[in-house]
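Novice: Sequence and computational prediction follow.
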Amino acid sequence: MSFLLKARSEPNQSRSPSSEELQEKIVHVRELLGSLIAEMPAFLSDTTIRRFLRARNWSTEQATKSLKETVKWRRQYRPEKICWEDIAEKDYEGRRAYIADYLDAKGRCVLVSKPAIKAKVSGKEQIKYLVYILEILAMNSADEQEEHVTCLLDCKGWAISNTPLSITRESINIVQNYYPGMIAVAILSNTPRIFESFWKVKFVYTNNPESQKIVFEMFDMDKLETAFGGRNELTVDIESYAERMKRADLVRGASSMGRDINLVKL
C-alpha cells in the first residue's frame, strides 16, 4: 500500500493568525473583491474566504487572486446548479467515486475514488461529477477551521485507458485551484509512481507495520474498505447513496425539485 500524505510543516509556512487577525484578513479580502461579493454572496462567504486564505498561506493578495479566478470559472461552469439527477450514468459513476457514509478519526469527510474502474461517460461528464462532489464537500465546511476531507484512492489495476492523464491533470487542477484548503490527507492504494508527478505533496511508499498503524489510527477498521487495509468488504449501496446526494442537493438549493419551485415562483 502507498500513502500520499500532505506536508504540514513547510519552511516558509506562515503561522495561523489569531481570531482577530483572521477577521481582519477576511474583511480585507472582501474589500479587495469589491462588487464580486454582491455577485456571488453565497459562495464568497467568510467560510470560503477563510478556506482560500488558509490554502494561500494566509496571504490576502494571493487569496483574493485565487478567488477572482474561481469566480470567473464559476460564472461559466455554474457548479452550484449541478444536482444528482444531472449526473450521466449516475448509478455507475457513484460506484467509481463517492462520499463515504463514515468519517475518519478526526471527524473529516471521506471521499473514496476508484480510478481503475473504467468510466462509461466522457471526460467532460467525469469532471462534472467531480465538481458535483466537491460542491457538496465544500458545503460541509462551514464550521471547519482546517482541511476537512480525507481522500482515499484505490488504484489497483489502473491504466491510462481507465482514466486518461488529461482528466487526472484537470481534476487535480480543479481541486487545487477552485476548491483549495479542503483535502487534508490523501491515501492511495496500489499506486503507479507516475502519480507522483501530479501532486504537490509528499509520497511515502511503505510495506511495513508503520503503514498499517497510520490507517488504524485514522479509521474505524470495520468501516474502512478492504482496498485500504480495512475490514469492510461491502460495496457502496447506490440507492442509499443517491438518497444522501438528493438530500444534500435540497440543502444546497440545487435539486431539480428546488429549481422547479423557483420556476413556479417566477
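Specialist: Arrived safely, thanks for sending.
Novice: who touches Ala55 in this structure?
Specialist: Ala63, Ser66, Pro180, Gly181 (Cβ atoms under 8 Å, 6 or more residues apart in numbering). In short, each C-beta sits where N, CA and C put it, glycine included.
Novice: Now, those that are in strands?
Specialist: Within those, no residue falls in strands by DSSP state E.
Novice: Just to be sure, which of those residues are found in helices?
Specialist: Restricting the contacts of Ala55 to those inside helices, with DSSP state H as the criterion, leaves Ala63, Ser66.
Novice: show me what contacts Leu153?
Specialist: Listed by Cβ under 8 Å, 6+ apart, the contact set of Leu153 reads Val112, Ser113, Lys114, Pro115, Ala186, Ile187, Leu188, Ser189, Thr191.
Novice: Can you tell me the SS state at it?
Specialist: For Leu153, the assignment made with DSSP: H, G, I helix; E, B strand; the rest coil gives strand.
Novice: still on that earlier bit, and which of the contacts of Ala55 is nearest to Leu137?
Specialist: Proximity of the contacts of Ala55 to Leu137 (Cβ to Cβ) peaks at Gly181, which lies at 11.3 Å.
Novice: what about the closest one, neighbour count?
Specialist: Neighbour count for Gly181, taken as other Cβ atoms under 10 Å: 23.
Novice: Would you check how far apart the nearest residue to it once chain neighbours are set aside and Gln126 are?
Specialist: Nearest in space to Gly181, with sequence neighbours left out and distances taken as Cβ to Cβ, 6 or more residues apart in numbering, is Ala55 at 3.5 Å. Relative to Gln126, Ala55 is positioned 24 Å away (Cβ to Cβ, to the nearest Å).
Novice: ok, now Cys155?
Specialist: Spatial separation of Cys155 from Gln126 under the definition Cβ to Cβ is 16 Å.
Novice: The two: which has the busier surroundings?
Specialist: Shown here are Cys155 and Gln126; by other Cβ under 10 Å, Gln126 has more neighbours (23 against 20).
Novice: show me where the protein has helices.
Specialist: For the chain, helices defined by DSSP H occupy the ranges 19-33, 36-39, 46-55, 60-77, 90-96, 123-139, 165-178, 209-218, 238-252, 256-265.
Novice: highest average neighbour count across those helices?
Specialist: Among the helices of the chain, the stretch with the highest mean neighbour count (mean count of other Cβ atoms under 10 Å) is helix 46-55, at a mean of 21.
Novice: tell me the angle of that one relative to helix 60-77?
Specialist: 120 degrees (axes from the mean of the first three to the mean of the last three Cα atoms, to 10 degrees).
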